[in-house]
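Chemist: Take a look and give me a structure for this.
(chains A and B)
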Amino acid sequence: AQSVTQLDSQVPVFEEAPVELRCNYSSSVSVYLFWYVQYPNQGLQLLLKYLSGSTLVKGINGFEAEFNKSQTSFHLRKPSVHISDTAEYFCAVSENSNYQLIWGAGTKLIIKP
Amino acid sequence: NAGVTQTPKFQVLKTGQSMTLQCAQDMNHNSMYWYRQDPGMGLRLIYYSASEGTTDKGEVPNGYNVSRLNKREFSLRLESAAPSQTSVYFCASSDYRTGELFFGEGSRLTVL
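Modeler: Numbering: from 1, shown residues only, chains lettered A, B, ... in the order given. This is a model prediction of the structure:
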């Protein structure tokens, strides 16, 4: 992947509302796609991944993402957010099986009570 | 279950000083990585080690050196620290079967 773009640096949303965090990448070859979450003052942990198969991927904590090859996107969604979802979310892409990742700049999800 | 352990968690250095960040994983992973995280820039790969005995440069290797001491341990050394190296450093290891990265909790380094 040449680059990964997370269009929104911050996304504020009310508690229990739905949310979508956007991720677009540029690549001319097949890719593997990942979303990681970073809670305050912690390391990153895997939220979900797409390696092959169904384009709709379900992850932990009720998150899901859909791989759209034609639009080169891998947007992350949750139907109803909770205050505990406050974190920074990173999209990452790999073009090879060695999983050398290219990272987006991150999107901070801000939950408003 | 420790996972990936980094030390130290915090460090303040003066320009020109040297230091080593230590990383160890107990998951028997072959691959290990050092990243730096700066606001608005995501994670940038400094060095990685695909297996014991091998190391390769990543996106931003200048000013750093690494040692893959054994399968468990992968250290990052700053020989002469510069203010531009002020950052949060993350060590990670990966499961080759799934591609999942497992991260340490980070080391916050400030260079004055």
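Chemist: okay, which residue is most central for chain B?
Modeler: B:Trp34 (2.9 Å; C-alpha atoms, centre = their mean).
Chemist: what's that residue in contact with, if anything?
Modeler: B:21, B:23, B:45-48, B:58, B:64, B:66, B:74, B:76, B:89-92 (C-beta atoms under 8 Å, 6 or more residues apart in numbering or on different chains). In short, each C-beta sits where N, CA and C put it, glycine included.
Chemist: Take those and keep only those in helices.
Modeler: Among the contacts of B:Trp34, no member is found in helices (DSSP state H).
Chemist: follow-up on the earlier one: next, work out how far apart the residue nearest to the centre of chain B and B:Ala81 are.
Modeler: Noted for B:Trp34: a distance of 15 Å to B:Ala81, by C-beta to C-beta, to the nearest Å.
Chemist: Tell me how many other residues surround B:Met32.
Modeler: 29 (other C-beta atoms under 10 Å in any protein chain shown).
Chemist: typo on my end, it should be A:His82
Modeler: If we define neighbours as other C-beta under 10 Å, then A:His82 has 12 of them.
Chemist: tell me the contacts of the nearest residue to it once chain neighbours are set aside?
Modeler: Distances taken as C-beta to C-beta, 6 or more residues apart in numbering or on different chains put A:Glu15 closest to A:His82, at 6.5 Å, once the chain neighbours are dropped. A:Glu15 is in contact with A:81-83, A:111-113, counting by C-beta under 8 Å, 6+ apart.
Chemist: which of those are buried?
Modeler: Neighbour counting over the contacts of A:Glu15 (16 or more other C-beta atoms under 10 Å in any protein chain shown) leaves A:81, A:111 as the buried ones.
Chemist: Just the closest of the contacts of A:Glu15 to chain B, please.
Modeler: Chain B lies nearest to A:Ile111 out of these, by C-beta to the nearest C-beta, at 20.4 Å.
Chemist: Find the closest residue to chain B in chain A.
Modeler: Nearest to chain B in chain A, going by C-beta to the nearest C-beta, is A:Gly43, at a distance of 3.4 Å.
Chemist: re earlier: in strands, which of the contacts of A:Glu15 fall?
Modeler: Mapping the contacts of A:Glu15 onto strands (DSSP state E) picks out A:111-112.
Chemist: Grab the nearest non-local neighbour of the residue of chain A closest to chain B.
Modeler: Closest to A:Gly43 by C-beta to C-beta, 6+ apart is B:Phe103, at 3.4 Å.
Chemist: My guess is that neighbour contacts A:Leu44. True?
Modeler: Yes. Under the criterion of C-beta atoms under 8 Å, B:Phe103 makes contact with A:Leu44 at 4.7 Å.
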